[in-house]
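Visitor: A structural model of the following input is requested.
(one chain, ligands or ions: 1)
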Amino acid sequence: MKKLVILSGAGMSAESGVSTFRDSGGLWEKHRVEDVATPEAFERTPEMVLNFYNQRRRQLLECKPNEGHYGLAALEKEFDVDIITQNVDDLHERAGSANVLHLHGELMKVCPVNDVNTTYNIPPDNPDINWGDTDASGNQLRPFIVWFGEAVPMIEPAIKIVEQSDILVIIGTSLNVYPAAGLLNYARKGRPVFLIDPKEVNTYRNDIHFIKAGASEGVKQLSELLQRL
Ligand code: APR
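Guide: Numbering: from 1, shown residues only. Sure thing, here's the model as predicted:
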């Protein structure tokens, strides 16, 4: 089976009702990223940051995977599929994708402030984390999210996956944020690269097959193109 690697970003979930970052004038759900998605913001105003992610989590629980997510899950019948996502939502998993690596953390997980390697699942029926909520040892809990300025530990395994890919597909990312955007550099020369996005995305490569469409329609077109490879 050929190894098909997907790199997804916020646009993957746009049709599920999760808003993208850079389409909304640099604001994320009416907040500046520096006010809600940095370790400094959490130190300054922890309750505000926790509340922001509580809202995002509640919003996610109302969302469903879209045809694009389901289409990628269906490709597992014919390909060895790995998904590397910048998204913190769990919509790929809910659509049935088996191998999902989250580069920027997971909204439905929590970790103690002093140990980002220990995570706990957040129950959907009690999805809020509040200031004062701790693990068994008394450490404050924080969202399991890679904030701006923090290390991206999953980048190393992600590079290995991309290096092994036979086909790379990029969906719904502006390729603005590193190190995720740099993953394209690791695709082996001569292997096909597809990019699905309703808008032009700047890349330094001129051999990319651009599918100008949203995620649902784009994954449908991709599935047809893959039959002919
Ligand atoms: N289908 C596919 N792509 C879409 C759709 C859609 N329906 N709607 C919009 N897009 C595209 C946009 O044209 C844009 O190219 O999705 C892309 C979204 O880009 P960004 O908002 O920059 O999101 P992303 O690249 O995932 O951001 C990377 O930045 O804010 C941080 O950590 C956060 O993981 C995030 C990272």
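
Visitor: so where is the protein shaky, pLDDT-wise?
Guide: Counting by pLDDT under 70, the chain shows low-confidence ranges at 23-27.

Visitor: in it, which strand is the longest?
Guide: strand 105-112 (DSSP state E).

Visitor: after that one comes which helix or strand?
Guide: strand 120-121 (DSSP states H and E).

Visitor: for the biggest helix by length in the chain, packing partners?
Guide: Longest helix in the chain by number of residues, with DSSP state H as the criterion: helix 46-62. On a contact count with 3 or more CB pairs under 8 Å, 6 or more residues apart in numbering; DSSP states H and E, helix 46-62 meets helix 33-36, helix 39-44, strand 105-112, strand 141-145. All C-beta spots, glycine's among them, are computed from the backbone N, C-alpha and C.

Visitor: can you pull the contacts of the residue nearest to T118 when sequence neighbours are not counted?
Guide: Nearest non-adjacent residue to T118, counting by CB to CB, 6 or more residues apart in numbering: C111, 5.8 Å away. For C111, the contacting residues are 117-120, 141-142, 144, by CB atoms under 8 Å, 6 or more residues apart in numbering.

Visitor: which of the residues you listed lies closest to P157?
Guide: Nearest to P157 out of the contacts of C111 is N117 (CB to CB; 13.7 Å).

Visitor: ok, the closest one to S19 distance?
Guide: Separation of N117 from S19 (CB to CB, to the nearest Å): 29 Å.

Visitor: these two: who's more crowded?
Guide: Higher neighbour count among N117 and S19: S19, with 15 against 8, using other CB atoms under 10 Å.

Visitor: name the residues of the chain found near the ligand, please.
Guide: In this structure, the chain approaches the ligand at residues 9-11, 14-15, 20-23, 86, 104, 172-174, 176-177, 197-199, 201, 214-215, judged by CB under 6 Å from any ligand atom.

Visitor: again, only using 5 Å
Guide: Neighbours of the ligand within the chain, by CB under 5 Å from any ligand atom: 9-11, 14-15, 20-22, 86, 104, 172-174, 177, 197, 199, 214-215.

Visitor: so which of those residues sit within helices?
Guide: Filtering the residues of the chain next to the ligand for membership in helices, criterion DSSP H, returns A215.

Visitor: of the residues of the chain next to the ligand, buried ones?
Guide: 9-11, 14-15, 20-21, 86, 104, 172-174, 177, 197, 214-215 (16 or more other CB atoms under 10 Å).
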